[in-house]
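Asker: Quick check, what structure comes out for this input:
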Amino acid sequence: NSFQDPSFFREVFYLHQIRNHTPAAKANFVQLFINGEHWGLYPNVQQLNKDFLKEWFFSNDGTNWRADAPTGSSGGGGGPGWGDGTAALNYLGDDTTQYKKYYTLKSTGKPQPWKDLVETCKILNTTSAANLENALADYLDIDRALWFLASEIIYTDDDGYAYKGKMDYYIYRDEETGRITPYDYDGNSAMETAAVNWSPFYNETKVNYPLLNKLLAVPNIRQRYLAHMRTLIQEGLDTSKVNPVLNNYVAMVDTIVQNDTKKTTTYAAFKNEVQVLKNFILNRKNYLLSNTEVNKVGPTITETKFFVNNIEGKKPNADEEVIVTTKLSNANGIDHASLYFSTGIYGKFSKSSMYDDGLHNDGAANDGTFGGILPGNPAGTWVRYYIEAVAGNTAKTAAYDPVGAEHDVYVYQVNYNQ
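Answerer: As a prediction, the model looks like this:
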């Protein structure tokens with residue numbers, strides 16, 4: 001019951017915050033009664049079962065593992081060995097029995113699901129940095145993995161991948177895309193004051209943490225990670241937005257906590273810990289923004305529009321091209337811009353260039369408006385798209401529109417009727 005958390009809030013708040021950008025459980029507060037006797041306030045957290053998977057993925061027919069050793073197997077979960085990488089998507093060879101020691105299979109629709117895990121680990125750990133982004137994209141949802149890592153690190157979750165490197169997170173391979181997505185298991189140990197100065201690249205130098213060590217070594221992926229981190233800081237560590245959430249929690253449960261005779265801490269500790277959380281949020285934001293990579297300013301993206309036959313906002317008919325334009329600016333200029341697009345309501349994105357040359361329906365050359373083309377598609381096709389803009393500074397700082405890409409994107413459907 002809120003182990004080591006006198007506020008009762010950490011897990012509910014943490015899961016509430018990260019659900020905007022990464023798969024995470026629902027959580028709320030309940031009062032527990034046993035045989036009519038009041039046993040106080042408890043956090044109530046959704047099970048990570050097939051109902052959960054269906055909420056976040058197109059189906060729940062894929063394979064779900066908990067990254068933790070099965071009970072009684074060698075290398076067991078917890079205790080000595082944290083950080084050894086045994087369940088951190090490290091490559092342990094081609095023998096699937098090696099993986100069964102360190103991952104717990106929760107559900108699957110396949111007769112031999114372990115080969116998928118082995119293949120993903122092999123690509124992640126043995127592919128060169130120069131080729132990793134393209135090679136891994138068919139095995140791992142890289143963008144979702146970055147949101148997951150940034151969420152854990154920003155809120156200093158010491159009960160997950162970034163801290164333990166072997167346990168207390170889940171991985172799901174969905175059948176529709178064939179790709180693995182890591183997601184959080186719990187958050188009761190997040191936002192501890194002692195961790196307020198975690199690096200934004202916590203444990204990235206350790207080879208036993210390949211999601212950090214391998215992914216962040218690729219410049220394009222690193223800049224995407226940083227862009228997502230800036231979004232999470234802006235949305236989740238803004239005290240003007242966050243403190244009202246915590247104050248609302250207090251208003252809901254204050255009397256319950258005060259009257260709870262079975263809680264393991266005091267009411268004064270509860271009140272004090274709420275302030276501790278508020279202080280953490282403010283101090284964490286200040287620390288992260290003091291990092292020279294995090295505090296880079298990416299391009300400003302405004303006035304994104306789409307056109308069909310020069311008509312703004314018109315849905316296309318079958319096989320009609322769509323023109324996308326956007327206004328980009330940055331003190332260091334724009335190095336390049338890309339239009340990411342995908343057909344259907346799930347799956348990997350393709351990428352094409354956007355131009356400010358006056359030749360791509362972008363107005364005058366060098367006016368800051370970039371244009372790109374989405375190819376025509378059959379009637380009824382759903383099309384998802386988003387924009388990536390890269391600044392002309394040395395770091396090649398990236399920004400996205402919408403900021404929640406790749407899970408929060410622009411969408412249209414090709415008309416059925418001509």
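Asker: Low-confidence bits of the stretch 1-150 of the chain, can you list those?
Answerer: The model of the stretch 1-150 of the chain has pLDDT under 70 over residues 1, 72-82.
Asker: cutoff 80 now
Answerer: 1-3, 71-83 (pLDDT under 80).
Asker: Then the stretch 301-418 of the chain?
Answerer: In the stretch 301-418 of the chain, residues with pLDDT under 80: 417-418.
Asker: Next up, the contacts around residue 158.
Answerer: Contacts for residue 158 were tallied using CB atoms under 8 Å, 6 or more residues apart in numbering; they are 164, 189-190, 192, 195. (C-beta placed from N, C-alpha, C; glycine too.)
Asker: how many neighbours does the closest residue to residue 157 other than its chain neighbours have?
Answerer: In space, and not counting its chain neighbours, residue 157 is closest to residue 190: 4.4 Å by CB to CB, 6 or more residues apart in numbering. Other residues lying near residue 190 total 27 when counted by other CB atoms under 10 Å.
Asker: Let's verify residue 190: helix, strand, or coil?
Answerer: coil (DSSP: H, G, I helix; E, B strand; the rest coil).
Asker: ok so, going back, okay, the contacts of residue 158 in JSON lines with distance to residue 87 and pLDDT next?
Answerer: Shown next, in JSON lines, are these (distance: CB to CB, whole Å; pLDDT from 0 to 100):
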{"residue": "164", "distance to residue 87": "9", "pLDDT": "88"}
{"residue": "189", "distance to residue 87": "18", "pLDDT": "88"}
{"residue": "190", "distance to residue 87": "20", "pLDDT": "94"}
{"residue": "192", "distance to residue 87": "23", "pLDDT": "95"}
{"residue": "195", "distance to residue 87": "22", "pLDDT": "96"}
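Asker: Distance to residue 327 added to those, as JSON lines?
Answerer: Formatted as JSON lines, those follow (distance: CB to CB, whole Å):
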{"residue": "164", "distance to residue 327": "44"}
{"residue": "189", "distance to residue 327": "43"}
{"residue": "190", "distance to residue 327": "38"}
{"residue": "192", "distance to residue 327": "42"}
{"residue": "195", "distance to residue 327": "39"}
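Asker: Just flag the most distant two among the residues you listed.
Answerer: For these, the maximum inter-member distance is 14.1 Å, found between 164 and 192 (CB to CB).
Asker: more neighbours, the two?
Answerer: residue 164 (25 against 17).
Asker: Using the three-state scheme, assign residue 68.
Answerer: coil.
Asker: Quick one: residues contacting it.
Answerer: Per CB under 8 Å, 6+ apart, neighbours of residue 68: 77, 87, 102-104, 166-168.
Asker: go with 10 Å
Answerer: Contacts for residue 68 (CB atoms under 10 Å, 6 or more residues apart in numbering) come out as 76-78, 86-87, 102-104, 164, 166-170, 185.
Asker: Among those, which lie within helices?
Answerer: residue 164 (DSSP state H).
Asker: Just the buried subset of the contacts of residue 68, written out for ChimeraX, thanks.
Answerer: Of the contacts of residue 68, the buried ones go into a single ChimeraX selection, burial set by 16 or more other CB atoms under 10 Å:
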select :76,77,86,87,102,103,104,164,166,167,168,169,170,185
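Asker: Would you check which pair of the contacts of residue 68 lies furthest apart?
Answerer: Longest span within those, CB to CB: 76 and 170, 17.8 Å.
Asker: was I right about the residue nearest to residue 157 contacting residue 13?
Answerer: Yes: counting by CB atoms under 10 Å, residue 13 is a contact partner of residue 190 at 8.2 Å.
Asker: okay, and the common contacts of these two?
Answerer: With CB under 10 Å, 6+ apart as the test, residue 190 and residue 13 both reach 155, 277.
Asker: what's around residue 280, how many residues?
Answerer: Around residue 280 there are 20 other residues, counting by other CB under 10 Å.
Asker: Spit out the contact partners of it.
Answerer: 10, 155-156, 190-193, 195-196, 237.
Asker: could these be laid out in a markdown table, adding distance to residue 291?
Answerer: Listed next are the contacts of residue 280 as a markdown table, based on distance: CB to CB, whole Å:
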| residue | distance to residue 291 |
| --- | --- |
| 10 | 24 |
| 155 | 16 |
| 156 | 14 |
| 190 | 20 |
| 191 | 18 |
| 192 | 19 |
| 193 | 19 |
| 195 | 15 |
| 196 | 13 |
| 237 | 13 |
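Asker: Name the member of the contacts of residue 158 with the shortest distance to residue 372.
Answerer: residue 190 (39.3 Å).
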